[in-house]
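**Student:** give me coordinates for this.
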Amino acid sequence: MTDRHPPVSDWASDFDHTDPAWIADPYPIWDDLRRRCPVAHSPRYGGTWLPVTHELVSEVAYDHDRFTSRSVVVTERRPGPDDPPAPIGVAPPITSDPPFHAIVRRMLIPAFAPKPIAALEPFTRELCRELLAATDGRSVFDAATEYAQHIPVRVIIRFLGFPQSDADLFRYFIRRVMEDVDQTPEEREEVLGALDEYMDAQIDDHRAHPRDDLTTFLCEAEIGGEKLSQSHIRGTMVLLMIAGIDTSWSAIGASLWHLARHAEDRRWLAAEPGLMDTALEEFLRAYAPVTMARLVAKDCDFHGHQLKEGDWLLLPFPAANRDPRAFPDADRVLLDRAENRHAAFGLGRHRCLGSNLARMELRVALEEWLARYPDFELADPAAVAWSGGQIRGPRQLPIRIRP
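**Tutor:** Numbering: from 1, shown residues only. Below you'll find the model as predicted:
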């Protein structure tokens, strides 16, 4: 922790999603708040609210009148009423409000439909096999840094039509944007400026040399007969880089973490591949990686709490997925859970457009891992490290392969 972010004293009145206790295990925190204070508040980051029940998270997600999506990552820099400017926002469509949100989302749907996503599966499967082959002969290796964290990066790079050699640069930007949220506004502006420069260079190259990829799709797309602006294209590409990579590698890593800790589930899934579909949904529910954010659009009363315009509000979809009022045995991972309307991909209009891609990556990653390594365990449980900020997933995951 820093002087600006000392250890939390009371989670109901002083929470911080970058606190070491939250990073290590947020579930007991959410359980406690659900019992005694379902809407927590913190003065940090200029004022932040945190509802932790499925009902309250859903209410916020569906309310676009009182809560705006103009900024979705809580940082020290609180946006003003016109910053970023409506209706596009900095990363459309996730930062776009109705009615523009529906227009831009509809424009993007063909690029994320099942057919183009299926076309990425052979590349994804071959990539997983290549990564696993690199671990041959080693009984212990890091499943996060040597496997999970490479898969979505390289798939998204291929989807965008960028050089595969930029994978390390992608990981650098993701960490700086999503985890280093306690940077000063000046430090954050420097990182975002470098990211914008990188994206602008890629857009210019694609305009000069069109090809069959998402970047060219965006360059050629139109809304109302007009081409998308440079900032709109850039923002959507940044969204895909940030939201489409960190979330997926976190889901892959968390699923492997669970299987390494639960031999009965590991053996069951390895022996019955037909269980994969329900198992994937249960991993997504139980270890949902994404906590989204909203800004309070106008002063309002929210269940007895006086929210002020410009306040941050965190939407912890993982907490909603662990609410016992919404899910029987919410704290248990049941691989054959038949009814599972989880919120891992969000709720309402902003439900993740890339869910087909995320599911494909997670399914292929687990299929290929279990085909090669059906029996494994944590090499050192104490060495597992989790990410901070609004995306939760293992950053270090030492695995021991059992003979």
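
**Student:** any low-confidence regions in the protein?
**Tutor:** Low-confidence segments of the chain, defined by pLDDT under 70: 1-4, 82-87, 181-182.

**Student:** centre of the chain to the lengthiest helix in it, how far?
**Tutor:** Longest helix of the chain, by residue count under DSSP state H: helix 230-261. Offset of helix 230-261 from its chain centre (C-alpha atoms, centre = their mean, to the nearest Å): 5 Å.

**Student:** tell me the secondary structure at the spatially closest residue to residue 13 that is not a sequence neighbour.
**Tutor:** Spatial nearest neighbour of residue 13, excluding adjacent residues (C-beta to C-beta, 6 or more residues apart in numbering): residue 41 at 6.2 Å. For every residue, glycine as well, the C-beta is placed using N, CA and C. Taking DSSP: H, G, I helix; E, B strand; the rest coil as the rule, one finds residue 41 in the strand state.

**Student:** just to revisit the earlier point, name the residues that touch the helix or strand just after the longest helix of the chain?
**Tutor:** Downstream of helix 230-261, the next assigned helix or strand under DSSP states H and E is helix 263-271. With contact meaning C-beta atoms under 8 Å, 6 or more residues apart in numbering, helix 263-271 is reached by 258-260, 275-276, 279, 333, 335, 366, 370, 374-377.

**Student:** make it 10 Å
**Tutor:** Residues from elsewhere that reach helix 263-271 (C-beta atoms under 10 Å, 6 or more residues apart in numbering): 255-256, 258-260, 262, 275-276, 279-280, 282-283, 333-336, 366-367, 369-371, 373-377, 402.

**Student:** buried residues in that helix, which are they?
**Tutor:** Neighbour-count burial for helix 263-271, with 16 or more other C-beta atoms under 10 Å as criterion, is recorded at 265-266, 269-270.

**Student:** and for stretch 308-322?
**Tutor:** Neighbour counts over stretch 308-322 (16+ other C-beta under 10 Å) mark 310-322 as buried.

**Student:** what about the strands in this protein?
**Tutor:** Secondary structure of the chain (DSSP state E): strands at 39-42, 48-51, 67-68, 140-142, 222-223, 226-227, 291-296, 300-302, 305-307, 312-316, 376-378, 385-386, 394-396, 398-401.

**Student:** can you tell which of those strands is closest to residue 238?
**Tutor:** Among those, the nearest to residue 238 by C-beta to C-beta is strand 291-296 (15.8 Å).

**Student:** run the angle between that closest one and helix 230-261 for me.
**Tutor:** Interaxial angle of strand 291-296 relative to helix 230-261 (axes from the mean of the first three to the mean of the last three C-alpha atoms, to 10 degrees): 140 degrees.

**Student:** picking that back up, quick check on the contacts of helix 263-271: which are buried?
**Tutor:** 255-256, 258-260, 275-276, 279-280, 282-283, 333-335, 366, 369-370, 373, 376.

**Student:** returning to what we had before: of the contacts of helix 263-271, which belong to helices?
**Tutor:** Among these, the members found in helices (DSSP H) are 255-256, 258-260, 276, 279-280, 282-283, 366-367, 369-371.

**Student:** closest to residue 59 among these?
**Tutor:** For the ones in helices among the contacts of helix 263-271, the nearest to residue 59 is residue 282 (24.9 Å; C-beta to C-beta).

**Student:** rewinding a little: can you lay out the strands of the chain as a markdown table showing distance to residue 350?
**Tutor:** Below are the strands of the chain laid out as a markdown table (distance: least, C-beta to C-beta, whole Å):
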| stretch | distance to residue 350 |
| --- | --- |
| strand 39-42 | 20 |
| strand 48-51 | 16 |
| strand 67-68 | 11 |
| strand 140-142 | 33 |
| strand 222-223 | 18 |
| strand 226-227 | 24 |
| strand 291-296 | 7 |
| strand 300-302 | 19 |
| strand 305-307 | 19 |
| strand 312-316 | 9 |
| strand 376-378 | 35 |
| strand 385-386 | 25 |
| strand 394-396 | 26 |
| strand 398-401 | 34 |
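
**Student:** so which of the ones you listed comes closest to residue 247?
**Tutor:** strand 291-296 (10.7 Å).

**Student:** list the buried residues for the longest helix of the chain?
**Tutor:** By neighbour count on 16+ other C-beta under 10 Å, the buried set for helix 230-261 is 231-260.

**Student:** hang on, the residue nearest to residue 13 packs against residue 12?
**Tutor:** Yes. If you go by C-beta atoms under 10 Å, residue 41 and residue 12 touch, sitting 7.7 Å apart.

**Student:** any shared contact partners between these two?
**Tutor:** The contact sets of residue 41 and residue 12 overlap at residue 50 (C-beta under 10 Å, 6+ apart).

**Student:** next, count neighbours for residue 62.
**Tutor:** When neighbours are defined as other C-beta atoms under 10 Å, residue 62 has 12 of them.

**Student:** check residue 340 too.
**Tutor:** If we define neighbours as other C-beta under 10 Å, then residue 340 has 16 of them.

**Student:** skip the chain neighbours and tell me the closest residue to it.
**Tutor:** Excluding the flanking residues, the one nearest residue 340 by C-beta to C-beta, 6+ apart is residue 281, at 4.7 Å.

**Student:** can you name the residues that contact that neighbour?
**Tutor:** Residue 281 makes contacts with 335, 337-342, 344, 359, as judged by C-beta under 10 Å, 6+ apart.

**Student:** now those residues: which count as buried?
**Tutor:** The neighbour-count criterion (16+ other C-beta under 10 Å) marks 335, 337, 340, 342, 344, 359 among the contacts of residue 281 as buried.

**Student:** so which of these comes closest to residue 131?
**Tutor:** For the buried ones among the contacts of residue 281, the closest approach to residue 131 (C-beta to C-beta) belongs to residue 359, at 19.3 Å.

**Student:** that closest one against residue 247, yeah?
**Tutor:** No. With contact defined as C-beta under 10 Å, residue 359 does not count as touching residue 247 (11.7 Å).

**Student:** quick one on the thing from earlier: what's the closest of the buried ones among the contacts of residue 281 to residue 395?
**Tutor:** residue 344 (19.3 Å).
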